[in-house]
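Enquirer: the sequence and its predicted three-dimensional model are supplied below.
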Amino acid sequence: MGKHSNAKHVVSKNSHVKPQVSSKQPGQKQQSVPTKGLVSKPTSKLSELQQKFAKKLEGSRFRVINEKLYSTRGNESFEEFQKDPNLFNIYHQGFREQASHWPENPLDKIIESIVSIYPKAVVADMGCGDAKLAQSVPNKVYSFDLVAGNERIIAADIAHVPLENNTVDVVVFCLSLMGVNIVDFITEAHRILKPNGVLKIAEVKSRFQRYVIPSLSAS
Ligand SMILES: C[S@@+](CC[C@H](N)C(=O)[O-])C[C@H]1O[C@@H](n2cnc3c(N)ncnc32)[C@H](O)[C@@H]1O
């Protein structure tokens, strides 16, 4: 990345991570996300048919939020989630349900590598979800996401996290390069990484194949 003589390196190729999710891409029409009254009744009190509908409804709300995260700038998502933190709960309920069907979760591979290769590293988990990484390793981990859904999470847009320059040894983006401004997220990782720090990315390949960096594309 050119900031220091010993460049920081992207480890995605070596991390044996095979992302499993499919995703929508930037440029799609934005929709508002209706969330009011979402969790009105515990699902255990619903009839079987009502439970089926509730599950379908949750699934479609997850997809709308997911699509919006992929088609919006990080700071806009941050503002929206801060205004309505329930979006975070709905999103993560859907994400957990989806991830439960994957044959393997890339986050588990990242956790394995931190435990075995970087046990003493200071880590920044950018777009940490429910902060499973921080819960699973002995390291000092700064966990950032759009909402502080639990006590380990610091609410921040991953394009601007509250850390000084050169403070962490490892930066992780596990399926979290969701906004249209990916370059800002990577630039922020570079800012907070120490010289010779490690950048770990697990992401669906299509995110990079279809993503166009304006300054590098033909006019
Ligand atoms: C697909 S989930 C993955 C969560 C976690 N990394 C994992 O692997 O379990 C992506 C996460 O990135 C977060 N995210 C997306 N854009 C973000 C942004 N601009 N700033 C902070 N978090 C963001 C979402 O809120 C969500 O929790």
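Expert: Noted; the coordinates are in hand. Model, not experiment: these values are computed from the prediction.
Enquirer: give me the longest helix you can find in the chain.
Expert: Counting by DSSP state H, the longest helix found in the chain is helix 48-70.
Enquirer: and whichever helix or strand comes after it, what does it pack against?
Expert: Per DSSP states H and E, the first helix or strand lying C-terminal to helix 48-70 is helix 74-83. Counting contacts by 3 or more C-beta pairs under 8 Å, 6 or more residues apart in numbering; DSSP states H and E, helix 74-83 packs against helix 48-70, helix 86-99. Where you see a C-beta, it was placed from the backbone N, CA and C, and this is true even at glycine.
Enquirer: coming back round to it: in the longest helix of the chain, what counts as buried?
Expert: 54, 58, 61-62, 64-70 (16 or more other C-beta atoms under 10 Å).
Enquirer: residues contacting the nearest residue to K132 once chain neighbours are set aside?
Expert: Of all residues not flanking K132 in the chain, L107 sits nearest, at 6.1 Å (C-beta to C-beta, 6 or more residues apart in numbering). Contacts for L107 (C-beta atoms under 8 Å, 6 or more residues apart in numbering) come out as 132-133, 174-175, 202.
Enquirer: quick one on the thing from earlier: worst mean pLDDT among the helices and strands packed on helix 74-83?
Expert: Lowest mean pLDDT within the helices and strands packed on helix 74-83: helix 48-70, at a mean of 87.
Enquirer: which residue is the nearest non-sequential neighbour of N139?
Expert: Looking at N139 with C-beta to C-beta, 6+ apart, the closest residue is V123, at 5.2 Å.
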